[in-house]
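*Asks:* sequence-free structure coming up:
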Ligand SMILES: Nc1ncnc2c1ncn2[C@@H]1O[C@H](COP(=O)(O)OP(=O)(O)OP(=O)(O)O)[C@@H](O)[C@H]1O
Ligand SMILES: [Mg+2]
């Protein structure tokens, strides 16, 4: 998949600009606070409908404006696709694919695929299980609509179940919880099996990437909780666990088992990566996970998605920076950075796009 261009209208600090990307390495370069991340974020929004930096969609509308619009055109094995998003101060955002409005956000998934890395992704290593679940959810949702809808159902049912657990009426809980449990379990099975698949594909790629970027350090990734392998095994396990935990769940007022509580175990050279690894090692590991996502996309769709590396190079030494650039050669990549020193970029073929104050120079 190649993203041809990106048009931004009243989006963040842009008034009206069009980025035209090359098929290989694109470097979006400029001083701090000029709009580099804004442009990278816009593409990711068009892929997934959300951005890690955006709490409310309205925030992306240029100060003082009523609406904003972003459009990208991409070419994949399936042909040309045009994805457009319109944001309004006084209404919900609209999404159009090839000029046709879509009714459900799920229809957006998979039209343009990207893997996005920015320094926040270090959370993937350092912070809570939620960040590691989000990593899997974003990736799997782009690849697999079934996963996206299973996750949506799961979260809705879970929220009903948790409200019920908080009820004062114990008999009501005992009488009706089974109804929620059945639905919860069915969507949980899809989530768990898809995540397990994802992790078993991801782990060897991540190990290889990390070894290549570093000097042979060993990265391992595995799920913390084992539910079993087949759908029947997982169903039985969840059924049993939900019953066993019911008393506790009533006391706590929420559901204590299921995919919403799961986590990944990540080690480097056999030790817990959160506790023992250096900043550079953690960043390398986070990048390795993201690079593995590229390979999983490639296996599934027979082509690479767009790779966005926002401010990913800083904190890596020059050797690791060059190894990273070498590794992604041939994959359409957008790198944002403040300058392009020849000791890092020398010898690589790239298109440079200079931004200043929300304008392409
Ligand atoms: N809704 C908005 N309207 C106008 N300007 C905005 C809006 N949201 C953010 N900005 C501005 O966009 C500017 C650039 O943001 P961006 O994060 O893209 O910078 P950057 O080039 O990536 O910088 P850095 O090198 O520091 O990462 C910020 O100064 C911010 O004030
Ligand atoms: Mg930035």
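*Replies:* Right, received. Where do you want to start? Being a predicted model, the structure only gives us computed values, none of them experimental. Ligands and ions are numbered 1, 2, ... in the order given.
*Asks:* Work out which residue lies at the spatial centre of this structure.
*Replies:* Nearest to the mean C-alpha position of the chain, by CA atoms, centre = their mean, lies residue 138 at 3.9 Å.
*Asks:* and it, what does it touch?
*Replies:* Residues near residue 138 by CB atoms under 8 Å, 6 or more residues apart in numbering: residue 48. C-beta: built from backbone N, CA, C; applies to glycine.
*Asks:* let's see 10 Å
*Replies:* Applying CB atoms under 10 Å, 6 or more residues apart in numbering to residue 138 gives the contacts 44, 47-48, 50, 52, 109, 115-116, 148, 293.
*Asks:* With residue 184 instead?
*Replies:* For residue 184, the contact set (CB under 10 Å, 6+ apart) comprises 153-154, 156-158, 160-161, 177, 238, 242, 255, 258-260.
*Asks:* again, only using 7 Å
*Replies:* 154, 157-158, 161, 258 (CB atoms under 7 Å, 6 or more residues apart in numbering).
*Asks:* doesn't it fall inside a strand?
*Replies:* No. Checked against DSSP: H, G, I helix; E, B strand; the rest coil, residue 184 lies outside a strand; its state is helix.
*Asks:* pLDDT score assigned to it?
*Replies:* Note for residue 184: predicted pLDDT of 97.
*Asks:* same question, residue 50
*Replies:* Note on residue 50: pLDDT of 87.
*Asks:* Next: residue 120.
*Replies:* Looking at residue 120, the pLDDT reads 84.
*Asks:* Same question for residue 328.
*Replies:* Value for residue 328, per-residue pLDDT: 96.
*Asks:* What's the local residue count around it?
*Replies:* 19 (other CB atoms under 10 Å).
*Asks:* Residue 308 too?
*Replies:* Other residues close to residue 308 by other CB under 10 Å number 27.
*Asks:* Wait, a strand at it?
*Replies:* Yes. Counting by three-state DSSP, residue 308 is found in a strand.
*Asks:* if we look at the sheet, which residues does it bridge to?
*Replies:* residue 116, residue 334 (DSSP bridges).
*Asks:* ok, it - contacts?
*Replies:* By CB under 7 Å, 6+ apart, residue 308 lies in contact with 40, 43-44, 114, 116-117, 334.
*Asks:* For the residue lying closest to residue 119 once chain neighbours are set aside, list the residues it contacts.
*Replies:* Nearest in space to residue 119, with sequence neighbours left out and distances taken as CB to CB, 6 or more residues apart in numbering, is residue 311 at 5.5 Å. By CB under 7 Å, 6+ apart, the contact set of residue 311 is 118-119, 336-337.
*Asks:* Tally up the residues packed near the one residue in the chain that gets nearest to ligand 2, please.
*Replies:* Ligand 2 sits closest to residue 37 of the chain, with a gap of 3.1 Å, by CB to the ion. Using other CB under 10 Å, residue 37 has 20 other residues around it.
*Asks:* Figure out the helix or strand that it lives in.
*Replies:* Assigned by DSSP states H and E, residue 37 falls within helix 36-48.
*Asks:* quick one: contacts of that helix?
*Replies:* For helix 36-48, contacts defined as CB under 7 Å, 6+ apart pick out 3, 6, 8, 11-14, 19, 28, 30, 51, 53, 70, 72, 83, 85, 112-114, 116, 118, 138, 142, 306, 308, 310, 334, 336, 355.
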